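Chemist: Sharing a sequence plus its predicted fold:
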Amino acid sequence: MIKSLPGKVNFNRKGVTYCGTFLRLCGEKNIGLLVFLFLLPFLSFSQYTNSWINYNQPYYKFPILQDGVYRITYNALVSSGIPATSIDPDEIQMFGRGQEIPVYVAGGQDGSLDSADYIEFHAQRNDGYFDREAYDFPENHGNPYYSLFNDTAFYFFSWGSVGLRFQNSTDTDITGITPADYFMKENSIYYTNNGNYLFGQTYPILNGETSPQ
């Protein structure tokens, strides 16, 4: 069961304030038969299972709509009812797409979360990576970068086990590094209209009906 907590949570993403709501995921192991049967075809893919869930830990769920680096402040945690002062910074965890992702905890070196501390992590919106499992032949999946259903991914904040961390790089000597001959970047353009597929020009066929070109 998922319970919505009162109030809004502010996420700072590259200078943009993103407002979302933390949701508490209660650790219930029971699952309905209908949901189980729906998920059964996907259970053979380990990255899509719920093996990452530790039912002895609390989980707070929040939406991600854009790729980027996100920051969760101490005040955002407290305003959502999360007992930030009792959390060991080393045991902060973040999960997305069925796996744990590394985070950066600023100010947590003293063993506690304080008012000036924050958590940063990289998150991705929902794309077409999961849609391919809906195809009888996944190789026929048309666009791995754009979901056919929605663009919102949900991430989970938790604590209770030692979490993954970004490793700081202190090597500033680049004299022995060979420069790359070239650099390639891929840009994608998605032709959508308010989230709807653009059918293009239509032509009449039978009884005044139209068909997309």
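Modeler: Done, it's in.
Chemist: Residue 157 contacts residue 72, doesn't it?
Modeler: Yes - at 7.2 Å, residue 157 and residue 72 qualify as touching, with contact defined as C-beta atoms under 8 Å. From N, CA and C alone the C-beta is placed, and that goes for glycine too.
Chemist: For this structure, which residues score under the pLDDT cut-off?
Modeler: In the prediction, the chain carries residues with pLDDT under 70 at positions 1-49, 191-213.
Chemist: Can you show me the helices along it?
Modeler: Taking DSSP state H, the helices of the chain run over residues 33-39, 74-79.
Chemist: Quick one: list the elements packing against the shortest one.
Modeler: In this structure, helix 74-79 packs against strand 9-13, with contacts taken as 3 or more C-beta pairs under 8 Å, 6 or more residues apart in numbering; DSSP states H and E.
Chemist: so how far is residue 151 from residue 71?
Modeler: Separation of residue 71 from residue 151 (C-beta to C-beta, to the nearest Å) stands at 21 Å.
Chemist: same question, residue 135
Modeler: In terms of C-beta to C-beta, residue 135 sits 19 Å off from residue 151.
Chemist: what about these two, which has more around it?
Modeler: residue 151 (16 against 11; other C-beta atoms under 10 Å).
Chemist: What about residue 179, how many residues nearby?
Modeler: By other C-beta under 10 Å, 5 other residues sit near residue 179.
Chemist: can you tell me how far it sits from residue 87?
Modeler: 44 Å.
Chemist: again, but for residue 177
Modeler: Taking C-beta to C-beta as the measure, residue 177 falls 39 Å from residue 87.
Chemist: Looking at those two, which one has more neighbours?
Modeler: Neighbour tally, residue 177 and residue 87, criterion other C-beta under 10 Å: the higher count belongs to residue 87, 18 against 8.
Chemist: In contact with the more buried one: list those residues for me.
Modeler: Contacts for residue 87 (C-beta atoms under 8 Å, 6 or more residues apart in numbering) come out as 113, 159.
Chemist: Against residue 188, how distant is it?
Modeler: Per C-beta to C-beta, residue 87 is found 38 Å from residue 188.
Chemist: count of neighbours near residue 92?
Modeler: If you count neighbours by other C-beta under 10 Å, residue 92 ends up with 25.
Chemist: now do the one 4 residues further on
Modeler: Using other C-beta under 10 Å, residue 96 has 17 neighbouring residues.
Chemist: One more: the one 4 residues further on?
Modeler: The tally of other residues near residue 100 (other C-beta under 10 Å) stands at 15.
Chemist: do the same with the one 10 residues further on
Modeler: The number of residues packed near residue 110 is 9, by other C-beta under 10 Å.
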